[in-house]
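[1] Need a 3D model of the following:
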Amino acid sequence: MTKFLIALPLYAMLIAVLLFSIVFHEVSHGYVAYRLGDPTAKEAGRLTLNPLKHLDPMGVLFFVAMIVFFHIGVGWAKPVPIDPRYFRHPRRDILLVSIAGPGSNFILALAGTAILYLWALAGTPLAAVADVLVLFIIINLLLMAFNLIPIPPLDGSRVLTMISPRTFGRFVAGLEPYGFLIIILLFFLRMPDSGQSVLMYALNSFAGFVEGVLKAIIPA
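    Here you go, the predicted model:
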């Protein structure tokens, strides 16, 4: 119980950062679609940073389960509604809308890195702020990497579908009914040496790489 209470501030920080980053990700999809002529997300009231407009019950339950069993915050929001019939160049525009979500997380991570760099240069002693910024950067880069996995319904599958020959694109799109099961399988399929799941191993390795890069570029 004591251990759980000590971890509460960390979980609260994790939830706050993850919630903002996921909502920003979804709004970016809708905003780019709107700029390309599709008003569907705007008319549905989804071009807002209000998290209540974006929460998905299953995504929240999955997030809680991942925190409890794997100690990592992974979840999803309701997909922003997009209607490709409004697009003048459907393949190009769907590609841009798909990239917008992961791209927004990359931009947030860059902004966090710049603030962390300036914070370190200023020599401000509040280490807690630096810890929050590092968490913010890592979470956004993890969201970017996770969503670029080419498995439906993740954004990477849309990107792959749009840049691939149409026959292969149809094959990737045909995996949509099984995509969630494939992702769950990757969370439980164990690596032979580490004992971690395939996806957790990949995400942890990526997070470690990001942390190493930050230590190398941020002044001590």
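
[2] quick one: low-confidence parts of this structure?
    Counting by pLDDT under 70, the chain shows low-confidence ranges at 1-8, 66-75, 124-126, 194, 220.

[3] Could you list which residues are in contact with residue 184?
    If a contact means C-beta atoms under 8 Å, 6 or more residues apart in numbering, then residue 184 has no contacts. C-beta coordinates here come from the backbone N, C-alpha and C atoms, glycine included.

[4] Point me to the helix or strand that includes it.
    Secondary-structure assignment from DSSP states H and E places residue 184 in helix 179-188.

[5] buried residues in that helix?
    Buried residues in helix 179-188, counted by 16 or more other C-beta atoms under 10 Å: 179, 180, 183, 186, 187.

[6] and the gap between the residue lying closest to the fourth one once chain neighbours are set aside and residue 79?
    In other words, residue 186. What sits nearest to residue 186 in space, not counting adjacent residues and going by C-beta to C-beta, 6 or more residues apart in numbering, is residue 199, at 4.0 Å. Relative to residue 79, residue 199 is positioned 20 Å away (C-beta to C-beta, to the nearest Å).

[7] Checking the most centrally placed residue in the chain next. Helix, strand or coil?
    By C-alpha atoms, centre = their mean, the chain has its centre lying nearest to residue 143, at 2.3 Å. The three-state label given to residue 143 by DSSP: H, G, I helix; E, B strand; the rest coil is helix.

[8] what sits against the residue nearest to it when sequence neighbours are not counted?
    Closest residue in space to residue 143, ignoring its immediate chain neighbours: residue 105 at 4.6 Å, by C-beta to C-beta, 6+ apart. Each residue near residue 105 by C-beta under 8 Å, 6+ apart is listed here: 21, 24, 25, 140, 141, 143, 144, 147.

[9] measure the second one to residue 180 for me?
    According to C-beta to C-beta, residue 24 and residue 180 sit 23 Å apart.

[10] go on, the fifth one?
    To residue 180, residue 141 is 23 Å away according to C-beta to C-beta.

[11] Over to the first one?
    From residue 21 over to residue 180 the distance is 21 Å, taken as C-beta to C-beta.
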